[in-house]
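J.: 3D model of this:
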Amino acid sequence: MSEAEVLDDLSEALNPADPKRFRNATILPVFERMRAETPIHYCADSPYGPFWSIMRYKDIMAIDRNHEVFSSEALLGGIMIDDAIVGDENSDFFVKSFITMDPPDHGPQRKAVNRIVAPASLANFEKLIRGRTRTLLDSLPVGEEFDWVDRVSIELTTMMLATLFDFPFKDRRKLTRWSDVTTAEPDSPIVGSQEQRVSELMECLEYFKRLKAERKNGPANLDLVTMLAQDAATAEQPDHEFLGNLMLLIVGGNDTTRNTMSGSINAFNQFPEQLDLLRQDPGLIANMTSEVVRWQTPLAHMRRTAVADYEIHGQTIRKGDKVVMWYYSGNRDEDIFPDGDRFDINRSNARSTISFGFGVHRCLGMRLAEMQMHILWQEILARWKRIEITGEIERVESNFVNGYARMPVRIVA
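T.: Residues are numbered from 1 along each chain as shown. Take a look at the predicted model:
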């Protein structure tokens, strides 16, 4: 079906979760039409089963905050449209993390690791992040083509992730791979099959179980493995919960930040006048970061499952229904963000981005992600005139991670 035909067909047959539309960057016109004509949309048949799509900002916010009716529980399918990501408790593969738990179970496990992003911890990280960023940027070939995703976005975020886990630095690219495997669709080019995905995640589990055992009775260091090993809420958790929390923390610390970093390069290439504004007023970096997070929307959706009937705009969501909040659409909602497709670093409400979520599951690491972006752009502005995209961008084939696989660029000094 062509894009024109898709836009003419907003029936139950329309599946806005088709990952190829995200890879081909053709999903936004579909979202725009759905916001206008069918903002609460029911897809009766898809590879993920039937599901509701929530398209507008205020409706997404209302559902995201209502954890009493809209559950994140892994036993009901978790927080992604693809149930295979968390698996089935009656099969050989099932995982559960604090983001796929509802209160009261959710709170203590989240609290076990939240000191890692407390203000004092962030202050300690700032010098380390700046030093690594400077070293990496100074190593880049000016005037020559290279892949920004691999050389900069992945490397900076993976180094930070290795620090957060106190993970062996020489093995840090394992974290990148496990992050990609976690969110990949079972038949994607990344893993090929569900069996391959599960096999690699079991390798992740075994690696971290060794680290956890080593740190269980060690010093109370400020790293995620030690926190999980020593906190009463997580110290004795079963493997399926330990792996679930690892998957959550790896993806949360990797995919979101790396795709925001790449998204900023894409945004400034599409809207070069905004880079001129940033050069004129570097004080806009904080607002620019929020605008990139809105414009890029590194995670395209979050899913919930209704545990009671719910009426919204004349539609009845039934108990047991799968409900998908399209953050990518909400961040382009014209009623909240006028001219939402435009990247505007002066946007007055950029910090109202829906990308970090609302309610009890609001993003744990948002301040750390923002700090990494602030430092990256402070150091870019101190060095170069611009970073040009020199070829075709390759996007990730995913309806969850709204990201980049490759971005060829050249630095102009």
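J.: Report the buried residues of the host helix or strand of residue 33.
T.: Per DSSP states H and E: residue 33 is located in helix 27-37. Going by neighbour count (16 or more other Cβ atoms under 10 Å), the buried part of helix 27-37 is 27, 30, 31, 32, 33, 34, 35. For glycine as for every other residue, the C-beta is placed from the backbone atoms N, C-alpha and C.
J.: got it, and stretch 113-124?
T.: Those would be 113, 116, 117, 122, for stretch 113-124 by 16+ other Cβ under 10 Å.
J.: Which members of these are the farthest-apart pair?
T.: 113 and 122 (14.1 Å; Cβ to Cβ).
J.: for the record, mean pLDDT for the helix holding residue 33?
T.: Helix 27-37 shows a mean pLDDT of 96.
J.: before we move on, what about stretch 344-356?
T.: According to the model, stretch 344-356 has a mean pLDDT of 97.
J.: Show me what that stretch is in contact with.
T.: Stretch 344-356 is contacted by residues 57, 60-61, 64, 271, 274, 277-278, 284, 287-288, 290-291, 293-294, 296-299, 327, 330-331, 336-337, 362-363, 366 when judged by Cβ atoms under 8 Å, 6 or more residues apart in numbering.
J.: Show me what counts as buried in it.
T.: 344, 345, 347, 350, 353, 354, 355, 356.
J.: ok, now stretch 312-330?
T.: Result for stretch 312-330 [16+ other Cβ under 10 Å]: buried residues 317, 321, 322, 323, 324, 325, 326, 327, 328, 329, 330.
J.: Throw the residues you listed into a markdown table and include distance to residue 176 and secondary structure, thanks.
T.: Shown next, in a markdown table, are the buried residues of stretch 312-330 (distance: Cβ to Cβ, whole Å; DSSP: H, G, I helix; E, B strand; the rest coil):
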| residue | distance to residue 176 | secondary structure |
| --- | --- | --- |
| 317 | 37 | strand |
| 321 | 35 | coil |
| 322 | 30 | strand |
| 323 | 31 | strand |
| 324 | 27 | strand |
| 325 | 27 | strand |
| 326 | 26 | strand |
| 327 | 23 | helix |
| 328 | 23 | helix |
| 329 | 28 | helix |
| 330 | 28 | helix |
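J.: ok, so of the residues you listed, who is nearest residue 256?
T.: Distances from residue 256 to the buried residues of stretch 312-330, taken by Cβ to Cβ, are shortest for residue 327, at 11.3 Å.
J.: thinking again about what came up before, can you lay out the buried residues of stretch 344-356 as TSV showing secondary structure and distance to residue 216?
T.: What follows is these, written out as TSV (DSSP: H, G, I helix; E, B strand; the rest coil; distance: Cβ to Cβ, whole Å):
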residue	secondary structure	distance to residue 216
344	coil	49
345	coil	46
347	coil	47
350	helix	43
353	coil	39
354	coil	38
355	coil	35
356	coil	32
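J.: where exactly do the helices run in the stretch 301-413 of the chain?
T.: Remark: helices assigned in the stretch 301-413 of the chain by DSSP state H, counting those that start in this stretch are 327-330, 366-381.
J.: The stretch 101-250 of the chain too?
T.: Under DSSP H, counting those that start in this stretch, the stretch 101-250 of the chain gives helices at 106-113, 119-138, 148, 155-165, 173-183, 194-215, 224-230, 239-270.
J.: Residue 395 contacts residue 21, correct?
T.: No: Residue 395 is beyond contact range of residue 21, at 10.3 Å (criterion: Cβ atoms under 8 Å).
J.: coming back round to it: want to throw the helices of the stretch 301-413 of the chain into TSV with mean pLDDT?
T.: Listed next are the helices of the stretch 301-413 of the chain as TSV, based on pLDDT from 0 to 100:
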stretch	mean pLDDT
helix 327-330	98
helix 366-381	96
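J.: I'd like those as JSON lines, with distance to residue 156 appended.
T.: Formatted as JSON lines, those follow (distance: least, Cβ to Cβ, whole Å):
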{"stretch": "helix 327-330", "distance to residue 156": "23"}
{"stretch": "helix 366-381", "distance to residue 156": "7"}
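J.: right, so of these, which gets closest to residue 159?
T.: helix 366-381 (10.2 Å).
J.: So which bits of that closest one are buried?
T.: Quick answer for helix 366-381 (16+ other Cβ under 10 Å): 366, 368-377, 379-380.
J.: got a list of contacts for that helix?
T.: Against helix 366-381 from outside (Cβ under 8 Å, 6+ apart): 117, 122, 125-126, 129-130, 133-134, 137, 156-157, 160, 253, 256-257, 260-261, 264, 278-279, 282, 285-286, 288-290, 292-293, 356, 363, 387.
J.: which of the residues you listed are buried?
T.: Of the contacts of helix 366-381, these count as buried by 16+ other Cβ under 10 Å: 117, 122, 125, 129-130, 133, 137, 156-157, 160, 253, 256-257, 260-261, 264, 278, 285, 288-290, 292-293, 356, 363, 387.
J.: quick one: which of the buried residues of stretch 312-330 is nearest to residue 237?
T.: Once Cβ to Cβ is applied, the member of the buried residues of stretch 312-330 that ends up nearest residue 237 is residue 322, at 26.6 Å.
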